[in-house]
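Colleague: kindly generate the corresponding structure for this input.
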Amino acid sequence: MGRLEDAKTIQKTDLAKAEAQYKAILSTRPETTDAALKEYELALVALGELYRDSGRTAELAGLVKETLTVLNAFAKSKTSKLVRQMIDFFTTIPGTIDIQVDVTRSCIEWAIKERRSFLRQSLEARLVALYLEKSAYRDAIALIDTLLKELRRVDDKMMLVEVQLLESRAYHALRNIAKSRASLSSARTSANAVYCPPLTQAGLDMQSGMLHAEEKDFNTAYSYFIEAMEGYHSQEESKKATDALKYMLLCKIMENHTDEVNQLLESKHAIKYSGRDLEAMKAIAMAHSSRSLAEFEQALNNYKTELTSDRFIRSHSTDLYDNLLQHNLSRVIEPFSRVEISHVAKLVGLDTQQVETKLSRMILDKKLSGVLDQGEGCLIVFEEQGSDKSYEAALKTIKKLSDVVEVLYTNQASLLD
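Modeller: Residues are numbered from 1 along each chain as shown. Reported below is the predicted structural model:
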């Protein structure tokens, strides 16, 4: 272990020499003694950490691939731990999704060759998560289908929960809410049969909240997001806890409870996870509360990264903006029977083309009774007409006559018998 200690000491002052020392230890295949294997393991992890801290992703990827052949000397449990630990080094380096996919595939090929089924399944589940992160949803679902068949056959409940949760996320991303909910129900059923770790339970709660929000049940969604946030907070998962807190704020905004948004932002969790993410949600809440399109657009511009990088937040903030725009347009055109589109655009402070597009959509959705005269560049608003009750009354009369005829026919048939 002397060489390893020397390398760690040198690393504090000279990274190049320390790297050479680690490589010297890893250059020869370790003996089967516990001490030699331990030294090789520590040197491998130390060199991986060195590459991670210096952001040298290519060298880190090469290290993982090169050491796979040597890992046969270790016990299967130790091999699985080392492979996962080496791949985990990439997660703290931004913009490495493609490299992670490539390295994970190489590890899967090695696991198949060495007949390490459990490790392969674990790596395939990881690969699915990477596919979701890079928006390769079709690839993710194709891999999930084959993986689920195998996991159901071996009855690995814990892995089954993880993969079914990933499947729910994949279908949610593809906007197939029905299949996403079915996958989530299967994941919860599987989770009831085994001990569910806090992080997995928090993931289930987060997904449940998102699906309820898609169905506009924001009150129930809020309850699930609270559970998810508490779970992530207890495991010190700051990024995911912040996301759950953002979703809680979003639910309150969507329900027009902007007064409760301020209370949430003053809570101990909000203070702990304060930053631009929560500031963005506060700006959206203020704009929505004042019904101001200008403030809403300013918030979208000021916090573009925070509001557009998260697909869930982006989707619902778009809905909020559309509803706010529709409300403002309806209020502006209410006094008019005929009005120029350019004048409406000026009143709401938006581009004429944008206003014309929104008005046409409102007419098609039957939220506005009128037509667009594009030749004159104006909107003609029709008077609201009440529904004609005579049609409904006629249908009821016909239904009653039909019932009477049916009864007469039945009676006549019985007499003939």
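Colleague: what about the helix or strand hosting Val407, average pLDDT?
Modeller: Per DSSP states H and E, Val407 falls inside helix 389-416. Helix 389-416 shows a mean pLDDT of 82.
Colleague: just the buried positions in stretch 203-222, please.
Modeller: 203-214, 218, 221-222 (16 or more other Cβ atoms under 10 Å). C-betas here are computed from N, CA, C, even on glycine.
Colleague: ok, now stretch 147-159?
Modeller: Residues 147-148, 151, 156-157, 159 are the ones in stretch 147-159 that count as buried (16+ other Cβ under 10 Å).
Colleague: what do you get for stretch 170-179?
Modeller: Neighbour counts over stretch 170-179 (16+ other Cβ under 10 Å) mark 170-173 as buried.
Colleague: I figured Leu71 hits Thr79, correct?
Modeller: Yes - counting by Cβ atoms under 8 Å, Leu71 touches Thr79, with 4.7 Å between them.
Colleague: circling back to that earlier point, helices or strands next to the helix holding Val407 in the packing?
Modeller: The helices and strands touching helix 389-416, judged by 3 or more Cβ pairs under 8 Å, 6 or more residues apart in numbering; DSSP states H and E, number zero.
Colleague: got the contact list for Ser360?
Modeller: Leu372 (Cβ atoms under 8 Å, 6 or more residues apart in numbering).
Colleague: A strand includes it, no?
Modeller: No - read with DSSP: H, G, I helix; E, B strand; the rest coil, Ser360 is helix and lies in no strand.
Colleague: so Leu71 and Thr79 - more neighbours on which side?
Modeller: Using other Cβ atoms under 10 Å as the criterion, Leu71 and Thr79 rank with Leu71 on top: 23 against 20.
Colleague: and the more buried one, what's its pLDDT?
Modeller: For Leu71, the pLDDT comes out at 78.
Colleague: for it, what are phi and psi?
Modeller: Backbone geometry at Leu71, expressed as degrees, to the nearest 10, gives phi -70, psi -10.
Colleague: I'd like the distance between it and Lys113.
Modeller: Distance of Leu71 to Lys113, computed by Cβ to Cβ, to the nearest Å: 12 Å.
Colleague: and for these two, which residues touch both?
Modeller: Overlap of the contact sets of Leu71 and Lys113 (by Cβ under 8 Å, 6+ apart) is empty.
Colleague: quick one, strands of the stretch 201-350 of the chain?
Modeller: Listed in chain order, the strands of the stretch 201-350 of the chain (DSSP state E, counting those that start in this stretch) span 338-340.
Colleague: which residues of it fall in helices?
Modeller: For the stretch 201-350 of the chain, applying DSSP state H, counting those that start in this stretch gives helices covering 218-234, 238-254, 258-265, 268-272, 276-289, 293-302, 304-308, 311-333, 341-348.
Colleague: would you confirm that Leu372 contacts Lys358?
Modeller: No - applying Cβ under 8 Å as the test, Leu372 and Lys358 come out as separate, 11.0 Å apart.
Colleague: of those two, who's got more company?
Modeller: It is Lys358, of Leu372 and Lys358, that has more neighbours when counted by other Cβ under 10 Å, with 20 against 15.
Colleague: show me the shaky parts of the chain.
Modeller: Filtered on pLDDT under 70, the chain yields the residue ranges 1-4, 6, 31-32, 384-388, 415-417.
Colleague: buried set for stretch 16-26?
Modeller: Using 16+ other Cβ under 10 Å as the test for burial, stretch 16-26 gives 18-19, 21-22, 25-26.
Colleague: run through who's touching that stretch.
Modeller: For stretch 16-26, the external contacting residues (Cβ under 8 Å, 6+ apart) are 3-4, 6-8, 10-11, 39-40, 43-44, 46-47, 50, 67, 70.
Colleague: farthest-apart pair in the buried residues of stretch 203-222, please.
Modeller: Greatest spatial distance in the buried residues of stretch 203-222: Gly203 and Phe218, 20.1 Å, computed using Cβ to Cβ.
Colleague: contacting residues for Ala285?
Modeller: With Cβ under 8 Å, 6+ apart, Ala285 has these contacts: 249, 252-253, 258, 261.
Colleague: do Val45 as well
Modeller: Neighbouring residues of Val45 by Cβ under 8 Å, 6+ apart: 82, 85-86.
Colleague: ok, so of the residues you listed, who is nearest Gly231?
Modeller: Closest approach between the contacts of Val45 and Gly231, by Cβ to Cβ: Gln85, at 23.7 Å.
Colleague: quickly find the element holding the residue nearest to the closest one when sequence neighbours are not counted.
Modeller: Of all residues not flanking Gln85 in the chain, Val45 sits nearest, at 6.6 Å (Cβ to Cβ, 6 or more residues apart in numbering). Secondary structure from DSSP H and E places Val45 in helix 34-53.
Colleague: how about that helix: buried residues?
Modeller: In helix 34-53, counting by 16+ other Cβ under 10 Å, buried: 36-37, 39-44, 46-48, 50-52.
Colleague: make JSON lines from these and add distance to Thr308 to it.
Modeller: Putting those into JSON lines (distance: Cβ to Cβ, whole Å) gives the following:
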{"residue": "Ala36", "distance to Thr308": "52"}
{"residue": "Leu37", "distance to Thr308": "48"}
{"residue": "Glu39", "distance to Thr308": "48"}
{"residue": "Tyr40", "distance to Thr308": "45"}
{"residue": "Glu41", "distance to Thr308": "43"}
{"residue": "Leu42", "distance to Thr308": "43"}
{"residue": "Ala43", "distance to Thr308": "43"}
{"residue": "Leu44", "distance to Thr308": "39"}
{"residue": "Ala46", "distance to Thr308": "39"}
{"residue": "Leu47", "distance to Thr308": "38"}
{"residue": "Gly48", "distance to Thr308": "33"}
{"residue": "Leu50", "distance to Thr308": "35"}
{"residue": "Tyr51", "distance to Thr308": "32"}
{"residue": "Arg52", "distance to Thr308": "29"}
